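K.L.:
Quick one: sequence and predicted model below, then my questions.
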Amino acid sequence: MTNSKTTYEQRLCSEIQSFKDVKNVHRLPPIQNYWARNYVRPKFLDFDINNIQDFFVTEITRTWLKSDQDSFTIIALGAGNCDSEIQLAHLLKNRGVKIKQFICVELNPSMIERGIFAASTAGLKELFIFKEADLNNWSCHYQSADVIIAIQSLHHIVELERLFDQIALALRPLGIFIINETVGRNGHMRWPEALELIEGLWAGIPNKYKIDRRNGKIEETFQNIDFSRTSFEGIRSQDIMPLLLKHFHFDFFLGYSNIIQPFVGRRFGWNFNVDSETDRCLIDLIAKMDEHYIDIGKIKPTQITASLNCSHVDKTRYWRGRTPRHCLRIP
């Protein structure tokens, strides 16, 4: 099932243990928020969408308005602590969308426990249903859903083909599958063409930016680590895009971010001071390089936000020339 000596069961235990006490899975360095605000948000604004959360709300609302369903069933795959889902439920209610039930599927019992408490605290206890399940063998049991969402969970899945088949079975005819996902090289590694650019940048920046916050050590040369060797981190990230194209139709697609990620991510992003003009200028330089090389096709996006369905769409909405095919990196 996996390509190393680490067994599936060992990875499973590691996954559960790693997130057992993580109460804020969305905690990111401030410099990433700076980058997202200046280089991701403008792309959404071109579609009159404020941010990723607003995208989810807008797509679900749009689908509900053209549906004959009085209320919607939403399934969240890999819901974690369910904080994003609870916020989404509030925003949808404010838009007038009636939710029949919000089903949160999650592997980690500790996270489910936190999700139950959060839903109860938010006054949504009756609306939310929690199911403990491994998405690698999850079955929809022919549960009909109007919306299925996956927020940074697909890159933890080994059995992607099976999961996508189950999603297609569960979706109603006009149902949508909405994702925000990591689709780069397996294990969060960088492909050679991106690694070459990162190594060039790495050689030219001071050591204070090279401190790996996992161990506090300076990484004088950039280490292209495969995090999937002992865990499910990015276990089949590079297969997500090809399989999405095979199983679904893209209604909306936005691809972004590649060489910028090591500099704004959790490993090194905390080294950049968002209040420092020098640090912001360095991030701006790398971000603009990132945009340029993605646009000309030298590198491919490693992050996507998308809405998909099982029926044909005449025209996919995408940002400028970044179609799903243009953003596909064949392994």
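P.N.:
Looks like it came in fine.
K.L.:
List the contacts of N273.
P.N.:
With contact taken as CB atoms under 8 Å, 6 or more residues apart in numbering, N273 is in contact with 31, 279. C-beta coordinates here come from the backbone N, C-alpha and C atoms, glycine included.
K.L.:
Mind pulling the model confidence for it?
P.N.:
According to the prediction, N273 has pLDDT 98.
K.L.:
Can you report how many residues lie near the closest residue to S257 other than its chain neighbours?
P.N.:
Closest residue in space to S257, ignoring its immediate chain neighbours: Q303 at 4.3 Å, by CB to CB, 6 or more residues apart in numbering. A total of 20 residues lie near Q303 under the criterion other CB atoms under 10 Å.
K.L.:
ditto for I157
P.N.:
Neighbour tally, I157, other CB under 10 Å: 24.
K.L.:
do you know how far it is from S276?
P.N.:
Using CB to CB, to the nearest Å, I157 is found at 38 Å from S276.
K.L.:
Now do the buried residues in stretch 306-325.
P.N.:
Within stretch 306-325, the residues scored as buried using 16 or more other CB atoms under 10 Å are 306-310, 316, 318-319, 322, 324.
K.L.:
Find the residue ranges of the stretch 51-200 of the chain scoring beneath the pLDDT cut-off.
P.N.:
For the stretch 51-200 of the chain, the stretches flagged by pLDDT under 70 are 142.
K.L.:
where along it do the helices fall?
P.N.:
52-65, 83-94, 109-121, 160-170, 192-203 (DSSP state H, counting those that start in this stretch).
K.L.:
Specify the stretch among the ones you listed that is closest to L245.
P.N.:
helix 160-170 (10.8 Å; CB to CB).
K.L.:
Which elements pack onto the closest one?
P.N.:
strand 72-77, strand 145-151, helix 237-247 (3 or more CB pairs under 8 Å, 6 or more residues apart in numbering; DSSP states H and E).
K.L.:
For it, buried residues please.
P.N.:
So helix 160-170, judged by 16+ other CB under 10 Å, has buried residues 160, 163-164, 166-168, 170.
K.L.:
Out of the residues you listed, which comes closest to V25?
P.N.:
Nearest to V25 among the buried residues of helix 160-170: L163, at 20.1 Å, using CB to CB.
K.L.:
residue contacts, that closest one?
P.N.:
77, 135-136, 138, 154, 157.
K.L.:
One more: R114?
P.N.:
23, 81-82.
K.L.:
Scan those and report the most crowded one.
P.N.:
Busiest of the contacts of R114 [other CB under 10 Å] is C82, holding 26 neighbours.
K.L.:
Give me the number of neighbouring residues for the residue lying closest to K125 once chain neighbours are set aside.
P.N.:
Computed as CB to CB, 6+ apart, the closest residue to K125 that is not its neighbour in sequence is A119, at 5.5 Å. By the criterion of other CB under 10 Å, A119 has 23 neighbours.
K.L.:
Check the gap between A119 and I86 for me.
P.N.:
6 Å.
K.L.:
between those two, what contacts are shared?
P.N.:
Joint contacts of A119 and I86 (CB under 8 Å, 6+ apart) are F128.
K.L.:
Relative to A287, which of the buried residues of helix 160-170 is nearest.
P.N.:
L160 (29.8 Å).
K.L.:
Pretty sure that closest one sits against R236.
P.N.:
Yes - counting by CB atoms under 8 Å, L160 touches R236, with 5.6 Å between them.
K.L.:
Packing partners of the longest helix anywhere in the chain?
P.N.:
Taking DSSP state H as the criterion, the chain has its longest helix at helix 277-295. Applying 3+ CB pairs under 8 Å, 6+ apart, one finds that helix 277-295 contacts helix 30-35, helix 192-203, helix 261-264.
K.L.:
Show me what counts as buried in the first one.
P.N.:
By neighbour count, and taking 16+ other CB under 10 Å as the criterion, the buried residues in helix 30-35 are 31-32, 34-35.
K.L.:
could you say what helices and strands it packs with?
P.N.:
helix 261-264, helix 277-295.
K.L.:
Direction-wise, compare the strand ranked longest in the chain with helix 83-94 and give the angle.
P.N.:
When the chain is parsed with DSSP state E, its longest strand is strand 171-182. Per axes from the mean of the first three to the mean of the last three CA atoms, to 10 degrees, the angle that strand 171-182 makes with helix 83-94 is 130 degrees.
K.L.:
residues making contact with strand 171-182?
P.N.:
52, 55-56, 59-60, 63, 66-67, 69, 144-155, 167, 188, 234, 237, 240, 248, 251, 302-311.
K.L.:
can you check stretch 40-50 too?
P.N.:
Contacts for stretch 40-50 (CB under 8 Å, 6+ apart): 51-52, 54-55, 58, 252, 254, 256-257, 317, 319.
K.L.:
Now for those: which two are most distant?
P.N.:
Maximum pairwise distance in the contacts of stretch 40-50, criterion CB to CB, is 21.0 Å, between T58 and S257.
K.L.:
More neighbours: which of these two?
P.N.:
Using other CB under 10 Å as the criterion, T58 and S257 rank with S257 on top: 22 against 19.
K.L.:
Is it correct that the more buried one is in contact with T302?
P.N.:
Yes - in this structure S257 lies within contact range of T302 using CB under 8 Å: 5.6 Å.
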